[in-house]
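Trainee: Have a look at this fold, sequence not included:
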């Protein structure tokens with residue numbers, strides 16, 4: 001399994017942060033992370049490319065047309081969540097995906113500046 005940084009998602013997250021579409025959640029990302037039903041509802045209205053923008057990682061072991069290709073979610077399809085970026089950064093660090101870890105950290109820093 002090869003997971004790489006989704007640069008388009010990073011650029012998309014930066015635009016959202018600059019536009020003020022952020023949440024400074026307290027608690028666990030698991031409380032805010034969209035579940036499968038929310039993901040499926042989003043995909044009924046949007047293309048897979050829009051879904052991909054909400055994930056910092058791309059798994060080349062899965063086809064582009066599957067949800068399994070997209071890893072390290074950071075938002076709820078409307079806003080960037082602070083706890084989502086923290087979770088992505090921590091998981092990427094634990095799993096050795098340093099480019100994703102660094103990108104999540106940079107997005108966190110940007111989010112803090114625009115709070």
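Mentor: Sure, I can see it. No experiment lies behind these values; they were computed from the predicted model shown.
Trainee: who touches the helix ranked longest in the chain?
Mentor: In the chain, assigned by DSSP state H, the helix with the most residues is helix 98-113. Helix 98-113 has contacts (Cβ atoms under 8 Å, 6 or more residues apart in numbering) with 3-5, 10, 13-14, 17-18, 22, 24, 56-57, 72, 74, 80, 82, 85-86, 88-89, 92-93. Backbone N, C-alpha and C define where each C-beta goes, glycine included.
Trainee: Emit the PyMOL select command for whichever of these are buried.
Mentor: Listed next is the PyMOL selection for buried residues among the contacts of helix 98-113, using 16 or more other Cβ atoms under 10 Å:
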select buried, resi 3+5+10+13+14+17+22+56+57+72+74+80+82+85+86+88+89+92
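Trainee: Any chance of the backbone angles for residue 59?
Mentor: The phi/psi pair for residue 59 (degrees, to the nearest 10) reads phi -100, psi 110.
Trainee: does it have beta-bridge partners, and which?
Mentor: Beta-bridge partners of residue 59, counted by DSSP bridges, are residue 3.
Trainee: And the helices in the chain, which stretches?
Mentor: For the chain, applying DSSP H gives helices covering 7-18, 36-45, 48-52, 82-95, 98-113.
Trainee: Of all the ones you listed, which one comes closest to residue 66?
Mentor: Each of these has some distance to residue 66 by Cβ to Cβ; the shortest is helix 48-52, at 8.3 Å.
Trainee: any idea of the mean pLDDT for the longest helix of the chain?
Mentor: Helix 98-113 carries an average pLDDT of 96.
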